[in-house]
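Trainee: take a look and give me a structure for this.
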Amino acid sequence: MKYDELKRIYDLPFFELFQKAREVHVANWSADEIQLCTLLSIKTGGCSEDCSYCSQSSRHQSEIQREPLMELDAVMQRATAARDSGATRFCMGAAWKGVQTGTRQFNEVLEIVRNVAKLNMEVCVTLGELGPDEAKQLKDAGVTAYNHNLDTSREHYPNIVTSHTYDDRLKTIRHAQDAGMSVCCGGILGLGETVEDRLKMIEVISEFNPQPESVPINSLMPMPGTPLAEAHSVDIFDVVKMVAVARIACPKAKVRLSAGRSQMSEEGQTMCFFAGANSIFYGEKLLTTENSAIQRDLSLISKLEINPLKPNPEMNSPEVECDKELAPCCQ
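Mentor: Numbers count the residues shown, from 1 in each chain. This next block holds a predicted model:
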């Protein structure tokens, strides 16, 4: 979906946008289901990248304690607890630039994935940059989805990250999709960007072929010691509008209400769910940021009379959409 159309949609009166997003959501998804995901940092701190929002960067003076790659048994304990508490997707993140085939750490990650995949949950990982070989090995090990956010627009990106490029991120996403993994790709609100930046980010994401399986909408949680430590919080109505636009632009993707949700009221979260969010991170921690407690989440889900979406660990990347005018074989 092109920027001009996204801007027209974004500029609709709030309730008109709200209703339009709801109609798209109900046409493509069950209105009473939500995906419950748990996110675990399996390697914390000491990252060589300079992402301005991230407390795990070694270039910032944050209070995060560095932790090496977790042992398999420790990860399995957390994954089993997540499954037993109702999570249907287990996401694992590691703070480093990327992974490389043949290295000890990558082999250990592959072993972790193989074992978590046996729990009959969807397995998602975010490990930084991927090449085609690494992507294939992760897929073969049992990864369901690869998370790699664009964060913001191409134009604003150099103001946030300088240690890698926007195109580097797009290459990783392409490698993940080519290997048959679904892609989880969204952005962060509150990085000093404009509405134009936000919509340009959605434009890029919506034009992936295939579109992402999941689109996380994150609100910046300013972390002490990072360049964005004093950033202003994002207004809930801005979050709702971006959830709505993401739902309309990517109708068959799960829209995940991610970082920042712990700071939202139940009423704010409910507006996001009505506008099309149908996935949340659920549990005690969201990487290194506090998240809503499990019982609080279960209470809200019960009030709204919505049910956990069942896991689909065999899920592959969505099919590429073919242009029949350019490729007659698709007819």
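Trainee: how about the helices in the chain?
Mentor: 3-10, 14-28, 72-84, 104-117, 132-141, 166-178, 195-206, 236-249, 266-275, 294-304 (DSSP state H).
Trainee: low-confidence stretches in the stretch 1-150 of the chain?
Mentor: 45-46, 56-60, 62, 64 (pLDDT under 70).
Trainee: what do you get if the cut-off is 90, keeping everything else the same?
Mentor: Filtered on pLDDT under 90, the stretch 1-150 of the chain yields the residue ranges 30-32, 36-69, 81-88, 93-102, 120-121, 128.
Trainee: what residue is smack in the middle of the chain?
Mentor: Pro216 (3.8 Å; C-alpha atoms, centre = their mean).
Trainee: list the contacts of that one.
Mentor: Asn147, Asn149, Cys184, Cys185, Gly186, Gly187, Arg256, Ser258 (C-beta atoms under 8 Å, 6 or more residues apart in numbering). (Each C-beta comes from the backbone N, C-alpha and C, glycine too.)
Trainee: closest one of those residues to Ala277?
Mentor: Lowest distance from Ala277 to those (C-beta to C-beta) belongs to Arg256, with 6.9 Å.
Trainee: please report how far the closest one lies from Ile112.
Mentor: Going from Arg256 to Ile112 by C-beta to C-beta, to the nearest Å gives 22 Å.
Trainee: bridging residues for the residue nearest to the centre of the chain?
Mentor: When bridges are called by DSSP bridges, Pro216 pairs up with Arg256.
Trainee: distance of the closest residue to Ala179 other than its chain neighbours from Arg261?
Mentor: Spatial nearest neighbour of Ala179, chain neighbours left out: Ala135 (3.7 Å); criterion: C-beta to C-beta, 6 or more residues apart in numbering. Ala135 sits 29 Å away from Arg261, going by C-beta to C-beta.
Trainee: equivalent analysis for Thr226, please.
Mentor: Distance from Thr226 to Arg261, by C-beta to C-beta: 20 Å.
Trainee: neighbour count: the two, which is higher?
Mentor: Set Thr226 next to Arg261 and count neighbours by other C-beta atoms under 10 Å: Arg261 wins out with 25 against 22.
Trainee: right, and that one touches Gln269 too?
Mentor: Yes - because the distance of 6.5 Å satisfies C-beta atoms under 8 Å, Arg261 is recorded as touching Gln269.
Trainee: any shared contact partners between those two?
Mentor: Joint contacts of Arg261 and Gln269 (C-beta under 8 Å, 6+ apart) do not exist.
Trainee: burial count for Ile306?
Mentor: Count around Ile306 with other C-beta under 10 Å applied: 16.
Trainee: stretch 154-163 spans what distance, first to last residue?
Mentor: 14 Å (C-alpha to C-alpha, to the nearest Å).
Trainee: and that stretch, how far out from the chain's middle?
Mentor: 19 Å (C-alpha atoms, centre = their mean, to the nearest Å).
Trainee: same thing with stretch 193-211?
Mentor: 14 Å.
Trainee: ditto for stretch 257-268
Mentor: 15 Å.
Trainee: got the contact list for it?
Mentor: Contacts of stretch 257-268 (C-beta under 8 Å, 6+ apart): 186, 188-190, 216-221, 233-234, 236, 239-240, 243, 269, 272-273, 277, 279-281, 286, 289-292, 300, 303.
Trainee: which of these count as buried?
Mentor: Among the contacts of stretch 257-268, those scoring as buried are 186, 188-190, 216-221, 234, 236, 239-240, 243, 269, 272-273, 277, 279-281, 286, 289, 291-292, 300 (criterion: 16 or more other C-beta atoms under 10 Å).
Trainee: before we move on, back to that, narrow the contacts of Pro216 to those in strands?
Mentor: In this view, the contacts of Pro216 that belong to strands under DSSP state E are Asn147, Cys184, Gly187, Arg256.
Trainee: please name the bridge partners of the second one.
Mentor: By that I understand Cys184. Asn147, Ser214.
Trainee: per-residue pLDDT of it, please?
Mentor: Per-residue confidence (pLDDT) for Cys184: 95.
Trainee: list the contacts of it.
Mentor: Cys124, Thr126, Ala145, Tyr146, Asn147, His148, Pro212, Glu213, Ser214, Val215, Pro216, Arg256.
Trainee: name the nearest residue to the fourth one, ignoring sequence neighbours.
Mentor: The reference is to Tyr146. Ala176 (4.0 Å).
Trainee: let me know the closest of the contacts of Pro216 to His25.
Mentor: Nearest to His25 among those, with distances taken as C-beta to C-beta, is Arg256, at 13.5 Å.
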